[in-house]
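**Q** coords below, sequence missing:
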């Protein structure tokens, strides 16, 4: 398996008593006390519910599979969860239980936050988890093909609630100490099925724990890459999917606010078809079940918890945010028709030349002049080989001589690296140009067309996004 490395951690039980949790963290609290004599950074966190009202917002078309899947109930609430960090610049990292938010709605969130907190000049990052059991906020899964599923009242509600969560996190800023951890036990890859060659996962867990100087949790940010679509196409209950259980488990173990940012999920990184063992029955959890979602979410949370427990705090004293908007030609006929038929309801207007504009950004956390953590902000579903490497040249590719994009994480200089997918926009799949396959013969002599290109703006997305990130990383000051 390409891109699978790291240690295997011992399996933790799914539940811990509060006393056991505190006992585990006592050594880390002593480290915090030593590191926090003069904290250079402030942190705050908050969450707001964004669950649709099935009567007020009816009908609620669920996103991510076919048309006319109407929600019949709520299994668990959806949230906007934000972690604010301030040291020089101020950044608010928000994870939202949504299929995706276009940059138009993100800009509305940013404007609301900046208007109400001008002194902080906050840079707001809004990254959707890509939840396939949430309402259609993009317009692609309405009652029938060619009819929008967006309910503007619900999108307005999400914009207002994400803005509120970000502002509350900013109001709660206080001196903090950060712990940054990463781990990649091989079992993480078994939670993912990749149905397109090359089989590459970027399945390591990254965690950032922000605590007060006395050791109380402010917020915990976890970054991992897997589609939240465990419940499949037949489920009609609103749910955050496996992130719901990740939040629940982390907040049980650590208190505070848990935030989840998804990673490089293109290609397609999915729990559908993955065999996830149930420790009770000793058999794989049933497909499309809440049990399977729970096992994934709690285990990823447990792995993140252990990584934090085994890491030392860092002395962070600088936050940097960089962003640029780029143009990407839209060659996808389906996307062109969706824009023409206004499925996006005024969002994602294309340029006169037939391009979409989208933001690409980075966040860097440094200490003592050295980068400690870098986060690449990618506006869609990146193929993992663009993150960690392993792009392949296969027979049948449409651009067999296209230059190979450098792996984004290898462009970074920090010890710890994150990639946040669906950050500040959702443009669909971002495919290495050398692997692009829209015309027969099909890639690697496959009998039929690959799925990814149907949901991608076009072959120029990857090279332009990677080049923008290269420039931003180079221009950022350590």
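**A** Yes, it's here. Note that this is a predicted model, so its numbers are computed, not measured.
**Q** pull the contacting residues for the residue nearest to residue 466 when sequence neighbours are not counted.
**A** Leaving aside its chain neighbours, residue 466 sits nearest to residue 405 (4.4 Å; criterion: C-beta to C-beta, 6 or more residues apart in numbering). Bear in mind the C-beta positions are built from the backbone N, C-alpha and C, glycine included. The neighbours of residue 405, taking C-beta atoms under 8 Å, 6 or more residues apart in numbering as the test, are 386, 391, 432, 433, 462, 463, 466.
**Q** could you dump these to JSON lines with neighbour count and distance to residue 105?
**A** Formatted as JSON lines, the contacts of residue 405 follow (neighbours: other C-beta atoms under 10 Å; distance: C-beta to C-beta, whole Å):
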{"residue": "386", "neighbour count": "33", "distance to residue 105": "25"}
{"residue": "391", "neighbour count": "21", "distance to residue 105": "32"}
{"residue": "432", "neighbour count": "28", "distance to residue 105": "29"}
{"residue": "433", "neighbour count": "23", "distance to residue 105": "29"}
{"residue": "462", "neighbour count": "28", "distance to residue 105": "24"}
{"residue": "463", "neighbour count": "19", "distance to residue 105": "27"}
{"residue": "466", "neighbour count": "24", "distance to residue 105": "25"}
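**Q** tell me where the model's unsure across the stretch 51-200 of the chain.
**A** For the stretch 51-200 of the chain, no stretch has pLDDT under 70.
**Q** which parts of it are strands?
**A** All strands of the stretch 51-200 of the chain, identified by DSSP state E, counting those that start in this stretch, fall at 73-74, 79-87, 89-96, 123-128, 174-183, 193-194.
**Q** please apply the same query to the stretch 301-450 of the chain.
**A** 313-314, 318-329, 355-367, 370-377, 381-382, 416-420, 429-430.
**Q** to residue 247, which of these lies closest?
**A** strand 416-420 (16.8 Å; C-beta to C-beta).
**Q** what's the closest one in contact with?
**A** For strand 416-420, contacts defined as C-beta under 8 Å, 6+ apart pick out 93, 125, 127, 180-182, 202, 206, 223, 225, 261-264, 372-378, 382, 387, 408-409.
**Q** what of stretch 98-107?
**A** Contact with stretch 98-107 is made by 50, 63-64, 78, 124, 126, 128-132, 134-138, 155, 158-159, 344, 346-348, 357-359, 379, 422, 424-426, as judged by C-beta under 8 Å, 6+ apart.
**Q** do stretch 442-452 as well
**A** Contacts with stretch 442-452, where a contact means C-beta under 8 Å, 6+ apart, come from 195-197, 266-268, 383, 394-397, 429, 431, 435, 437-438, 440.
**Q** my guess is residue 256 contacts residue 221, does it?
**A** No - with contact defined as C-beta atoms under 8 Å, residue 256 does not count as touching residue 221 (10.5 Å).
**Q** more neighbours: which of the two?
**A** The neighbour count for residue 256 versus residue 221, taken as other C-beta atoms under 10 Å, is higher for residue 221 (29 against 19).
**Q** still on that earlier bit, export the strands of the stretch 301-450 of the chain to JSON lines and tack on mean pLDDT?
**A** Shown next, in JSON lines, are the strands of the stretch 301-450 of the chain (pLDDT from 0 to 100):
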{"stretch": "strand 313-314", "mean pLDDT": "96"}
{"stretch": "strand 318-329", "mean pLDDT": "98"}
{"stretch": "strand 355-367", "mean pLDDT": "98"}
{"stretch": "strand 370-377", "mean pLDDT": "98"}
{"stretch": "strand 381-382", "mean pLDDT": "98"}
{"stretch": "strand 416-420", "mean pLDDT": "98"}
{"stretch": "strand 429-430", "mean pLDDT": "98"}
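**Q** just those: most buried one?
**A** strand 381-382 (a mean of 30; mean count of other C-beta atoms under 10 Å).
**Q** ok, it: who's next to it in the sheet?
**A** Sheet partners assigned to strand 381-382 using DSSP bridges are listed as strand 429-430 (parallel).
**Q** okay, the residue nearest the centre of the chain: pLDDT?
**A** The centroid of the chain falls nearest to residue 262 when counting by C-alpha atoms, centre = their mean (2.2 Å). Residue 262 is assigned a predicted lDDT (pLDDT) of 98.
**Q** show me what it is bridged to.
**A** Here residue 262, judged by DSSP bridges, has bridge partners residue 224.
**Q** quick one, helices of the stretch 151-300 of the chain?
**A** For the stretch 151-300 of the chain, the helices defined by DSSP state H, counting those that start in this stretch occupy 152-171, 187-190, 242-254, 290-309.
**Q** and of the ones you listed, who's closest to residue 413?
**A** Across those, closest to residue 413 is helix 290-309 (C-beta to C-beta), at 21.4 Å.
**Q** you'd agree residue 264 is up against residue 423?
**A** No - using C-beta under 8 Å, residue 264 is not in contact with residue 423; the gap is 11.6 Å.
**Q** contacting residues around the residue nearest to the centre of the chain?
**A** Taking C-beta under 8 Å, 6+ apart, we find residue 262 in contact with 95, 127-130, 223-226, 228, 420-422.
**Q** what do you get if the cut-off is 6 Å, keeping everything else the same?
**A** For residue 262, the contact set (C-beta atoms under 6 Å, 6 or more residues apart in numbering) comprises 129, 130, 421.
**Q** and if you look at residue 441?
**A** Counted by C-beta under 6 Å, 6+ apart, residue 441 has contacts residue 396.
**Q** distance-wise, check it relative to residue 417.
**A** Note on residue 441: its distance to residue 417, by C-beta to C-beta, to the nearest Å, is 37 Å.
**Q** try residue 102
**A** Taking C-beta to C-beta, one finds residue 102 at 27 Å from residue 417.
**Q** what does residue 368 give?
**A** Note on residue 368: its distance to residue 417, by C-beta to C-beta, is 19 Å.
**Q** can you check residue 466 too?
**A** Applying C-beta to C-beta, the value for residue 466 to residue 417 is 14 Å.
**Q** and the contacts of residue 262, which of them are buried?
**A** 129, 130, 421 (16 or more other C-beta atoms under 10 Å).
**Q** which of these lies closest to residue 364?
**A** residue 421 (18.2 Å).
**Q** ok, of the contacts of residue 262, which one's closest to residue 239?
**A** Using C-beta to C-beta, residue 129 is the member of these that lies nearest residue 239, at 11.4 Å.
**Q** cheers, nothing more for now.
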